[in-house]
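Asks: need a structure here:
(one chain, ligands or ions: 1)
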Amino acid sequence: MKNDHLTDNDIQAHVFNKVSEDDIVLHISTCTVCKAKVTSYQALLHAIDEIEPETFPFDTTRLAMLKIEQFKNKKSTTASYILYAFLGIFILTVFVVCIPYITPIFKTFQEMNNITNAFVIVSTLSVLIFFLTVTFRQYKQKIILLTA
Ligand SMILES: [Zn+2]
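Replies: Here you go, the predicted structure:
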């Protein structure tokens with residue numbers, strides 16, 4: 001049997017986990033100080049059990065998700081319109097500026113033999129596919145982050 005009073009850990013283990021060693025149970029039954037502690041912990045446990053989770057007359061999770069979706073869509077549409085406008089202007093400008101330079105490029109292609117042409121086309125396609133794959137992977141990672 002322990003001569004000292006029980007520690008808070010012992011009492012909490014006794015009250016909350018409902019498991020304790022025999023000497024702890026014996027001490028509680030004989031010591032008024034520790035018995036009072038056990039009683040207050042039991043009152044606390046009872047009070048915690050009494051608290052019901054906050055209830056709302058509507059589905060808060062669904063509402064929050066709806067708000068997030070609305071915000072996301074709004075943001076992305078505005079951003080994408082601006083992006084498309086800039087891209088369109090950029091491509092048009094590049095095209096207009098490059099017309100004098102594009103014709104010689106086609107001439108060079110015509111002058112080169114078929115193997116060189118094939119090599120250039122395959123290299124270009126490889127680079128393009130690589131960038132598309134990287135972009136798609138990043139997109140998927142973002143989707144996973146968003147839905148996680
Ligand atoms: Zn005691």
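Asks: Just after the worst-scoring helix or strand of the chain on mean pLDDT, pick out the following helix or strand.
Replies: Sorted by mean pLDDT, DSSP states H and E, the helices and strands of the chain end with helix 60-111, the least confident at a mean of 81. Stepping forward along the backbone from helix 60-111, the first helix or strand reached (DSSP states H and E) is helix 114-147.
Asks: avg pLDDT for that following helix?
Replies: For helix 114-147, mean pLDDT is 88.
Asks: What of stretch 44-52?
Replies: 84.
Asks: can you list the domains in this protein?
Replies: What automatic domain parsing lists as the domains of the chain is 8-50, 57-106, 112-148.
Asks: Can you give me the buried ones in the last one?
Replies: Right, the one you point to is domain 112-148. If you call a residue buried by 16 or more other C-beta atoms under 10 Å, then domain 112-148 has no buried ones at all. All C-beta spots, glycine's among them, are computed from the backbone N, C-alpha and C.
Asks: Tell me how many other residues surround residue 56.
Replies: For residue 56, the count of nearby residues is 7 (other C-beta atoms under 10 Å).
Asks: Next, it: secondary structure please.
Replies: coil (DSSP: H, G, I helix; E, B strand; the rest coil).
Asks: for it, what are its contacts?
Replies: The neighbourhood of residue 56, defined by C-beta atoms under 8 Å, 6 or more residues apart in numbering, contains no residues.
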